[in-house]
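In: Fold the following and give me the result.
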Amino acid sequence: MKRRVTKRSGLLHIPALLIAMLPALNANAAGGADPKAGAAAFRVCASCHQVGPGARNAFGPHLNNLFGRRAGSLQYAYSAAMKKSPVVWNDSTLAAFLRDPDAVVPGTKMRLWGYSDERKIANLLAYLRQYQ
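Out: Below is the predicted model:
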C-alpha cells in the first residue's frame, strides 16, 4: 500500500509524513544495519550520485554530509519543488524519500521508483552515514 503525503495550504501535511516514516524508524531501531550491504544498494544510486572522498555533483547532487542538510541547499540545479522543500535530511526523512520521492517532495526531479525493502533502506542509510 502506497502512502501519499498530502498538501494543505501549500505545506506538507506533517502527520502523513510522520506516518510514512514509521517503518524506517522501526527498521533503524532494530539495529544491525550493514554499511557493506548499503554500499551494494548504493550501486543503483551511483548512476546519478557520488559519495565519499572527492565526490562532486554529477547528474544528481553529491551525498556527502547529507544528514542534517536541508533539501535543495547545495549549489546544484534542483527542481523548484526541492528548492522550496522544508525537509531536512535525517534517517526518517531519507527513508520516506527512498520509499516514495514524490510523496515527500511532490514535483521532485528524482527518478526513483522507490525501495520497499526496509532492511535495504536501513543498510543504505548506514552506508551514507559513513560520509557524514
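In: List the buried residues in stretch 32-47.
Out: Under the neighbour-count criterion of 16 or more other Cβ atoms under 10 Å, stretch 32-47 has 33-34, 37-39, 41-42, 45 buried. For glycine as for every other residue, the C-beta is placed from the backbone atoms N, C-alpha and C.
In: Oh, that last question was meant for stretch 85-96, not what I typed.
Out: So stretch 85-96, judged by 16+ other Cβ under 10 Å, has buried residues 85, 87, 89, 91-96.
In: Kindly indicate which of those lies nearest residue 115.
Out: Nearest to residue 115 out of the buried residues of stretch 85-96 is residue 95 (Cβ to Cβ; 8.6 Å).
In: so what's the residue nearest to residue 55 when sequence neighbours are not counted up against?
Out: In this structure, residue 55 finds its nearest non-sequential neighbour in residue 62, 4.1 Å apart by Cβ to Cβ, 6 or more residues apart in numbering. Neighbour list for residue 62: 49-51, 55-56, 74 [criterion: Cβ atoms under 8 Å, 6 or more residues apart in numbering].
In: how about a markdown table for the residues you listed, with secondary structure added?
Out: Listed next are the contacts of residue 62 as a markdown table, based on DSSP: H, G, I helix; E, B strand; the rest coil:
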| residue | secondary structure |
| --- | --- |
| 49 | coil |
| 50 | coil |
| 51 | coil |
| 55 | coil |
| 56 | coil |
| 74 | coil |
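In: Taking these, tell me the two that lie furthest apart.
Out: Across the contacts of residue 62 (Cβ to Cβ), the longest gap, 13.0 Å, separates 51 and 74.
In: thinking again about what came up before, could the buried residues of stretch 32-47 be laid out in CSV, adding distance to residue 113?
Out: As requested, the buried residues of stretch 32-47 are arranged in CSV below (distance: Cβ to Cβ, whole Å):
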residue, distance to residue 113
33, 22
34, 23
37, 20
38, 19
39, 21
41, 14
42, 16
45, 13
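In: Would you format those residues as a markdown table with distance to residue 130 and pLDDT included?
Out: Conversion of the buried residues of stretch 32-47 to a markdown table gives the following (distance: Cβ to Cβ, whole Å; pLDDT from 0 to 100):
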| residue | distance to residue 130 | pLDDT |
| --- | --- | --- |
| 33 | 11 | 95 |
| 34 | 12 | 97 |
| 37 | 13 | 97 |
| 38 | 8 | 97 |
| 39 | 9 | 97 |
| 41 | 13 | 95 |
| 42 | 11 | 96 |
| 45 | 14 | 95 |
